[in-house]
Structure formats: structure tokens, C-alpha cells
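In: A structural model of the following input is requested.
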Amino acid sequence: MHTVSQTATEVVAETVTDYPHRRVGILGGTFNPPHLGHLIMGQQVGDQLGLDEVRFMPDAQPPHVDEKTAIAASDRVNMVQAAIVDNPLFRLETAEIKRGGKSYTFDTMKVLKAAHPDTQYYFIIGGDMVDYLHTWYRIDDLLKLVTFVGIKRTGYPTTSQYPVIWVDAPLIDISSTQIRKKISHGHTVRYLVPDAVAAYIEEHHLYEQQD
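Out: So this is what the prediction gives:
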């Protein structure tokens, strides 16, 4: 059992027999579009916790997304696949896309855990989101299915009423909103997204007409 606040070093130091056969990170999000900040988070967590893989999981219908900025799920999936294709640690997880509807993490992880009971899942979130865990759907039940990993953020505490493993990662101030705005104004997003993602956006004329 993890304490309420642990560092990555403390987790790796624990006896390997405390864990099931596979240890998998889940990085969920809209990925509209995926950017280098997402990749850095995934890589740092995978490395510091010694995970077998990190899966990028696009959501199907997040309730908070502005319809004006929403694009087809297939485009978001294709961009994630393009972003991670050259990294052997990374995988694409399409469970939420296949299920459709609003994407509640508890529902998704219940299905994944049932299908892979020998896998320990680590759900990766930014430090700014940790304070909102109490608002998550069925959070107490979700904690029985996953271990949360928080990415440290300047100005946000590394404490929580819930068990969280804290990981240090470079603070990259990139947002998908910022990227969409730059594209709509005709500005470059080079070095903000992987080259393959930039090429996909250009080829499919994504985000060009947004406010």
C-alpha cells in the first residue's frame, strides 16, 4: 500500500514482488492536438517509475470540451499514433474511443483491469489536477483500480488526501489551446508538436478556421 505522498525513487525502491506482472502508465486526455509536453510527461514517468509501457489514451467525449474546438476522434487518434510511433515505451490505448460517449476514468479502468488483472495501472495527471481528484466520478472506487502519479508543478502543493506518487519533470508551458490558436492565426508550431503531428495537421487542414 502506498503512502499518501511518495516519490518515484521510493516507489522503485520497493520490492518488485509487491507488484503484479506488468506495470503500465496511462496518460489520458483529449490530445487536441498532442504536443511535446505530453511526450515529456510520459517519458519521465515511465523512466522514473521503471514502467513496462506508457499508454496514451484519447478520450471520446470529454464533457468540458468546447464544441468549437472539437475535431473528429479519428484525427486525434491518428495524431497520437504519429507522435508516439518511434518510441518503444509508448503505446496507443483506444478503450475510450471504442466505447464512445462521455469518458469517465472509472468506467474505463474497470474494463481494462478486468481484461488485464495482472497489470498495475498508474494514472498520470498534472500537479494542477491533483486538487480536483475529489470531484472525479467514483474516485474512491477508482483508487482501487489505479495508482495516481502527479507531475510536480511550480506553485502547486505536493500533498493530497489521496495516495499520489510524485514525479519531477521539466515544466514545459505548452497547451493544446495555445497550439490551436497559433495555427488559426497562421503561425508555426514547430518545436511545440512532433514533426509528424505538424505534418498531419497541415495535410488535413486542422484548426485553421478557429477563433
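
In: Low-confidence ranges, the protein, go.
Out: Applying pLDDT under 70 to the chain picks out residues 1-20, 62-69, 210-211.

In: Which stretches in it count as helices?
Out: Per DSSP state H, the chain carries helices over the ranges 8-13, 36-49, 73-84, 95-99, 105-115, 127-130, 139-142, 176-184, 195-204.

In: most centrally placed residue in the chain?
Out: Geometric centre of the chain, nearest residue: Leu27, 2.2 Å, by Cα atoms, centre = their mean.

In: what's the distance between it and Thr94?
Out: According to Cβ to Cβ, to the nearest Å, Leu27 stands 14 Å off from Thr94. C-betas here are computed from N, CA, C, even on glycine.

In: Then Gly150?
Out: For Gly150, the distance to Thr94 (Cβ to Cβ) stands at 25 Å.

In: which of those two has more neighbours?
Out: Neighbours were counted for Gly150 and for Thr94 using other Cβ atoms under 10 Å; Gly150 has more, 25 against 16.

In: residues in contact with that one?
Out: Ile125, Gly126, Gly127, Met129, Val130, Thr158, Ser160, Val164, Ile165, Trp166, Val167 (Cβ atoms under 8 Å, 6 or more residues apart in numbering).

In: picking that back up, mind listing the shared neighbours of Leu27 and Thr94?
Out: Common neighbours of Leu27 and Thr94 (criterion: Cβ under 8 Å, 6+ apart): Met57.

In: any idea how far the closest residue to Ala196 other than its chain neighbours lies from Lys98?
Out: Take Ala196 and drop its neighbours on the chain: the residue closest to it by Cβ to Cβ, 6 or more residues apart in numbering is Ala82, 3.9 Å away. Ala82 sits 19 Å away from Lys98, going by Cβ to Cβ.
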